[in-house]
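**Q** Here is my input; please provide its structure:
(2 chains)
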Amino acid sequence: EAAVTQSPRNKVTVTGGNVTLSCRQTNSHNYMYWYRQDTGHGLRLIHYSYGAGNLQIGDVPDGYKATRTTQEDFFLLLELASPSQTSLYFCASSEHNNQAPLFGEGTRLSVL
Amino acid sequence: QQQVRQSPQSLTVWEGETAILNCSYEDSTFDYFPWYWQFPRESPALLIAIRPVSNKKEDGRFTIFFNKREKKLSLHITDSQPGDSATYFCAARNSNNRIFFGDGTQLVVKP
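**A** Residues are numbered from 1 along each chain as shown, chains lettered A, B, ... in the order given. A predicted model of the protein is given here:
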């Protein structure tokens, strides 16, 4: 069964902290995405990738790095977390050929 | 400039009525339009999708109407049920497989 797994599911850190959010997909999909979801803003794309070693910039990349180490694994890095990055983060994956992204369960991040 | 816009922001209908959710987009090269629904404390899930070669896509009580010339589409939910209460997102994909989402419509169906 197609799956996108995120970890951790919840994370609390302090301002200036270092956070890594992990995403693994077992769907053999080429594309992976990181979104943040905030009230009133819907889903905003942070970074995405179309394969291992590839990285594309989304709409709200400031303060975030990402790395796609394998086809399965996509990481989002916050090296100096700020309260404005408190949000619900979703990872998703898709194939190019007319398939809608499949979302993970989300990671709720609080930066105090 | 926001690529995908949705209206209304929130909508309340009575059980059995038809709910109409609207969406418009900017880029005429978008080639795929999925609609997602999201229930509280859950992740977005694909509901129904359409490609520009069609002007209508139906799946049970859910129908997308697509107007390529006006760059508009709408989701019609007939015989609305309380279990349809959710936030609905219209999305659009470009040729680079980048997906743009609207800000969502929060639908409440009252019994």
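**Q** Please make it C-alpha for all contacts and neighbour counts, starting now.
**A** OK.
**Q** What parts of chain A come near chain B?
**A** Within chain A, the positions adjacent to chain B are A:31, A:40-45, A:90, A:96, A:98, A:100, A:102-106 by Cα under 8 Å from any Cα of the partner chain.
**Q** Looking at these, which one is closest to chain B?
**A** Within the residues of chain A next to chain B, proximity to chain B (Cα to the nearest Cα) peaks at A:Gly42, which comes in at 4.0 Å.
**Q** if I read this right, that closest one contacts B:Thr105, doesn't it?
**A** No. Using Cα atoms under 8 Å as the test, A:Gly42 is too far from B:Thr105 to be in contact (9.5 Å).
**Q** Give me the buried subset of the residues of chain A next to chain B.
**A** The neighbour-count criterion (16 or more other Cα atoms under 10 Å in any protein chain shown) marks A:31, A:42-45, A:90, A:96, A:98, A:100, A:102-106 among the residues of chain A next to chain B as buried.
**Q** Now do the strands in the chain.
**A** Using chain A. Assigned by DSSP state E, the strands in chain A fall at A:4-7, A:10-13, A:19-25, A:31-38, A:42-49, A:56-57, A:65-68, A:73-78, A:87-94, A:102-103, A:107-111.
**Q** nope, chain B
**A** Remark: strands assigned in chain B by DSSP E are B:4-7, B:10-14, B:19-25, B:33-38, B:45-50, B:56-59, B:62-67, B:72-77, B:86-93, B:99-101, B:105-110.
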